[in-house]
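Participant: below: sequence and its predicted model.
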Amino acid sequence: MRWLASAAFVASLTVAIAETAQADTTLDAVRTRGAVRCGVSTGLPGFAMPDAKGVFTGLDVDVCRAIAAAALGDARKVEYVPLTAVQRFLALQSGEVDVLVRNATWTLARNAQLGLNFVATNYYDGQAFMVPRRAGIHRIAELDGATICVQPGTSSETVLSDAFRRRNLRFTPLVIEQVNELASAYFNGRCDAFTSDQSQLTGIRSTAPDPADHVILPEIISKEPLSPAVRNGDDGWANVVRWSFFAMLEAEELGLDSKNIEREARDSADPTVQRFAGTTGDLGKALGLENGFAVAIVTQVGNYAESFERNIAPLGVERGVNRLWRDGGLMISPPFR
Ligand SMILES: N[C@@H](CCC(=O)N[C@@H](CS)C(=O)NCC(=O)O)C(=O)O
């Protein structure tokens, strides 16, 4: 019995030593590599979309860039790894990406069963339905018996079946993993409706031959707080990701943006701005970063409002609940002190 106990102890010690020898926090690995590996959507307007040259832009992409600005001083040092909904969590668990910023809903099961740490909601969304305008459908109740396009591996699948069961409605799902193929199936009339988070429907509608041919029904059937995620077990890295995003929110709240941040960092007499900019205190150092990490983020990426205006507003989506808390929205950064 004693021998067994000590053998188990030695075994666990060996594992612990081996892990320490690998050294490695995700931040160390990112520094050694010289780039942040960021898991993003394969192509979703507003959130993560490659242009003809393969250059990604979007609200989620800006979080990847903020992390790179914080960790490496350069927002361009990101390797984008496009992932479908089915692939995304495995890619994070296996270490293929350092962080997943892919309109992923923060849920209990993903947190606890998949071992993922959701760090901060960067967009509050909710699930909705898109239908062809000519179908003349105005309410979910009119979708009884419909064929519904939905991407596999998403919370949209479960929310859809719950919503229909609750209403005693029937439906046939049409599931296709690649979002562009799923969108074509819907645009070609293979399903009566497309369901996903409202912002994503707006993004997909913008790729229609004529976006005005499609309407998004006003009923919202779920809450979908979309959040960047990291693996459990590396709290230091979770903090880097979390505070990189919060820096974008805090900058907006403090009235700092990409145009005035350098001047304010130099001249401001406001102690809150000075601490945020790292000209006083050691907040960056506490995260294992440069004290000026927030300045790097705001200079290179901008504040949350700038990112929203650049990426989401062009789709015709309003700030709504994604306004700052002081403007009546849900977006709040904990204090930088
Ligand atoms: N927020 C939901 C849905 C996320 C999702 O994957 N939505 C689809 C919309 S159809 C998407 O973004 N697809 C983009 C892609 O596969 O690249 C979740 O976390 O499960």
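Facilitator: Structure received. Note that the structure is predicted; figures quoted are calculated from it, not measured.
Participant: how about the residues of the stretch 51-200 of the chain near the ligand?
Facilitator: Contact residues, the stretch 51-200 of the chain versus the ligand (C-beta under 6 Å from any ligand atom): 84-85, 103-105, 151, 154-156, 179, 196-197, 200. In short, each C-beta sits where N, CA and C put it, glycine included.
Participant: separation between the residue nearest to the spatial centre of the chain and residue 141?
Facilitator: Centroid-nearest residue in the chain, with C-alpha atoms, centre = their mean: residue 101, separated by 3.7 Å. Distance, residue 101 to residue 141, by C-beta to C-beta, to the nearest Å: 36 Å.
Participant: and for residue 73?
Facilitator: Distance, residue 73 to residue 141, by C-beta to C-beta: 54 Å.
Participant: please enumerate the strands of the stretch 151-300 of the chain.
Facilitator: In the stretch 151-300 of the chain, the strands defined using DSSP state E, counting those that start in this stretch lie at 171-175, 193-197, 214-216, 224-226, 229-231.
Participant: any idea which of these gets closest to residue 78?
Facilitator: strand 229-231 (15.1 Å; C-beta to C-beta).
Participant: residue contacts, the closest residue to residue 290 other than its chain neighbours?
Facilitator: Spatial nearest neighbour of residue 290, excluding adjacent residues (C-beta to C-beta, 6 or more residues apart in numbering): residue 284 at 5.2 Å. Neighbour list for residue 284: 278, 290-294 [criterion: C-beta atoms under 8 Å, 6 or more residues apart in numbering].
Participant: for these, pick the one with the most neighbours.
Facilitator: Taking other C-beta atoms under 10 Å as the neighbour criterion, residue 294 ranks highest of the contacts of residue 284 with 31 neighbours.
Participant: and the gap between it and residue 119?
Facilitator: With C-beta to C-beta as the criterion, residue 294 and residue 119 are 16 Å apart.
Participant: residue 37: what's it in contact with?
Facilitator: By C-beta under 8 Å, 6+ apart, the residues touching residue 37 are 30, 78-79, 81, 96-99.
Participant: now with 10 Å?
Facilitator: Residue 37 sits next to 26, 29-30, 64, 78-81, 91-92, 95-100 when contact means C-beta atoms under 10 Å, 6 or more residues apart in numbering.
Participant: which single one of these is nearest to residue 211?
Facilitator: Distance from residue 211 was checked for each of the contacts of residue 37 by C-beta to C-beta. The minimum falls on residue 80, at 25.9 Å.
Participant: would you verify that that closest one is located in a strand?
Facilitator: Yes. Applying DSSP: H, G, I helix; E, B strand; the rest coil, one finds residue 80 inside a strand.
Participant: how much space separates it from residue 35?
Facilitator: Here residue 80 is placed at a distance of 10 Å from residue 35 (C-beta to C-beta).
Participant: if you count what's nearby, which of these two comes out ahead?
Facilitator: More crowded of residue 80 and residue 35, by other C-beta under 10 Å: residue 80, with 22 against 18.
Participant: residue 27 reaches residue 234, doesn't it?
Facilitator: Yes. Using C-beta atoms under 10 Å, residue 27 is in contact with residue 234, at 8.2 Å.
Participant: quick one: common contacting residues for those two?
Facilitator: With C-beta under 10 Å, 6+ apart, residue 27 and residue 234 have common neighbours 98, 240-241.
Participant: could you tell me which of these belong to helices?
Facilitator: Of the shared contacts of residue 27 and residue 234, the ones assigned to helices by DSSP state H are 240-241.
Participant: out of the shared contacts of residue 27 and residue 234, who's the most crowded?
Facilitator: The shared contacts of residue 27 and residue 234, ranked by neighbours (other C-beta under 10 Å): first place residue 241, 30 neighbours.
Participant: next up, the contacts around that residue.
Facilitator: Residue 241 makes contact with 26-27, 36, 63-64, 66-67, 70-71, 98-101, 117, 119-120, 227-230, 234, according to C-beta under 10 Å, 6+ apart.
Participant: so who does the spatially closest residue to it that is not a sequence neighbour touch?
Facilitator: Nearest non-adjacent residue to residue 241, counting by C-beta to C-beta, 6+ apart: residue 119, 5.0 Å away. Listed by C-beta under 10 Å, 6+ apart, the contact partners of residue 119 are 63, 99, 101, 106, 227-230, 237-246.
Participant: where does residue 24 land on pLDDT?
Facilitator: Here, the pLDDT recorded for residue 24 equals 86.
Participant: could you do residue 13 as well?
Facilitator: pLDDT for residue 13: 45.
Participant: and residue 20, by the same measure?
Facilitator: Residue 20 is given a pLDDT of 42.
Participant: what sits up against stretch 308-318?
Facilitator: With C-beta under 10 Å, 6+ apart as the test, stretch 308-318 has contacts from 45-49, 57-62, 123, 125, 198-199, 201-203, 205-206, 211, 248, 252, 301-303, 305, 319, 322-323, 331.
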